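Novice: Need a 3D model of the sequence below.
(one chain, ligands or ions: 1)
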Amino acid sequence: FSNSYELLIELRKKELLKNKPKRWWPNFGTFEVVVGAILTQNTKWENVEKALTQWKMQNGEWRLEDIACCEPSYLAELIKPAGFYNQKSKRLITLSRNILRDFGDFESFKENVDREWLLSQKGIGFETADSILCYACGRETMVMDAYTKRLMKKHGYEFESYDEMKEWFERGVEENWDKLANFYKNDLNLCYSRYHGKIVEFMKRG
Ligand SMILES: Cn1cnc2c(N)nc[n+](C)c21
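Specialist: Take a look at the predicted model:
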């Protein structure tokens, strides 16, 4: 493939997202995605699901206001399966308090947060920031990760940086959007949400 449009066309033939949510990330558009994006750092997604479920069994849903005033050791205990649980507990509580301080509530955060604000939060790098922007906030931005890098390396592509690889993916889609728009109902977030999901599911197949 010579651009990311051609790579997407090849991945689409493999039915990688059969039985998956439409935008791939479970509970897309909710605060749970923000939590999952932090918890998935340095662990397998299967462990994240266990941690997310343990909180929900005790507390119903993941709510911003609950985490903002949560006892760190209580949260740490519930998210243990995700690993680095004391660090992740502290960071989730601090992040939640900063969201309330700077945006007032989760809906306003979804509308108004930007990548710069996210990157200024302790424990949030490019991949976590873009995961939150794409899958919690529904923005037209694509997530890059180790799976993406490995797939590209396998096909002879090496990039200087996270953002350079991101630009390659987004440019190929946008330059060919006329051929993709109908399929993705003119919804560029839907395209990017599914495209990243396909890459992860493809690389997990091995
Ligand atoms: C939502 N999500 C984030 N990272 C994931 C992964 N590695 N594997 C599967 N899923 C569904 C994931």
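
Novice: doesn't K50 make contact with P81?
Specialist: Yes: between P81 and K50 there is a contact at 3.8 Å, judged by CB atoms under 8 Å. Glycine gets a C-beta too; all of them are placed from N, C-alpha and C.

Novice: the more surrounded of these two?
Specialist: P81 (18 against 15; other CB atoms under 10 Å).

Novice: In contact with the more buried one: list those residues for me.
Specialist: For P81, the contact set (CB atoms under 8 Å, 6 or more residues apart in numbering) comprises N47, V48, K50, A51, Q54.

Novice: my read: P72 touches Q87, true?
Specialist: No: counting by CB under 8 Å, P72 sits too far from Q87 to count as a contact (10.3 Å).

Novice: What does the pLDDT read for the residue of the chain found nearest the ligand?
Specialist: Residue nearest to the ligand within the chain: W45 (3.4 Å; CB to the nearest ligand atom). W45 is assigned a pLDDT of 98 by the prediction.

Novice: Roughly how far does it sit from C70?
Specialist: Per CB to CB, to the nearest Å, W45 is found 23 Å from C70.

Novice: same thing with V143?
Specialist: When distance is defined by CB to CB, V143 is 27 Å away from C70.

Novice: Between the two, tell me which one has more neighbours.
Specialist: Counted by other CB under 10 Å, V143 and C70 do not tie: V143 has more neighbours, with 27 against 20.

Novice: how deep is the residue of the chain closest to the ligand tucked in, by neighbour count?
Specialist: The tally of other residues near W45 (other CB under 10 Å) stands at 14.

Novice: swap in the one 4 residues further on?
Specialist: Other residues within reach of E49 by the criterion other CB under 10 Å amount to 16.

Novice: now do the one 10 residues further on
Specialist: Around N59 there are 15 other residues, counting by other CB under 10 Å.
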